[in-house]
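1. can you look at this prediction? I've put the sequence above it.
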Amino acid sequence: MDIPNRITTKVKAKLIEIEGPRGKLNHLNLNFHSHKATSAICTTFSHVKNLIIGVTKGYRYKMCLVCAHFPIDSSVTDRNKSIEIRDFLGEEKVRKVDMLDGVTVVPSKKVKDELVLYREDIELGWYLCNREGKNC
């Protein structure tokens, strides 16, 4: 596997640590001593590749707020670390979703009712979109 020049890697026991211009990520490497070893190695390579992309370029998720009858109003608060959702299904309650560490949320400038999540870890983006959907 080719590793770019700006990336430093460390492997200590079963922990892989990748450090780049955008930050530092680590992942636990699991070993299987059976016929599934080949797929485990390919999975490990995919995780390392995702870590390298995460610390160099980062990842972006786009999430749209869709409504059928009651318009949903959202605002980004706490220095792009949480989202407040108002008028969900016409109710007056304000729902607040806090982002995890390493995730920044920004309202889209081009599209109305669209939120953009920026992060280094690919697994945090889909997790937060799922958590956002369950909160409403």
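-> Ah, there it is.

2. what bits of the chain have low per-residue confidence?
-> Applying pLDDT under 70 to the chain picks out residues 29-35, 125-126, 128-129, 132-136.

3. the longest helix along the chain: what's the following helix or strand?
-> The single longest helix within the chain, with elements called by DSSP state H, is helix 37-56. Note on helix 37-56: by DSSP states H and E, the next helix or strand toward the C-terminus is strand 59-64.

4. partners of that following strand in the sheet?
-> strand 114-119 (antiparallel) (DSSP bridges).

5. tell me what angle the strand it pairs with forms with helix 37-56.
-> Following axes from the mean of the first three to the mean of the last three CA atoms, to 10 degrees, one obtains 110 degrees for the angle between strand 114-119 and helix 37-56.

6. where's residue 9 relative to residue 47, distance?
-> 12 Å (CB to CB, to the nearest Å). The C-beta positions use only the backbone N, C-alpha and C, and glycine is treated the same way.

7. need the contact list for the spatially closest residue to residue 108 that is not a sequence neighbour.
-> Spatially, and ignoring its direct neighbours in sequence, residue 108 is nearest to residue 114 (3.8 Å; CB to CB, 6 or more residues apart in numbering). By CB atoms under 8 Å, 6 or more residues apart in numbering, the residues touching residue 114 are 62, 63, 64, 65, 107, 108.

8. any idea what residue 114 is bridged to?
-> residue 64.
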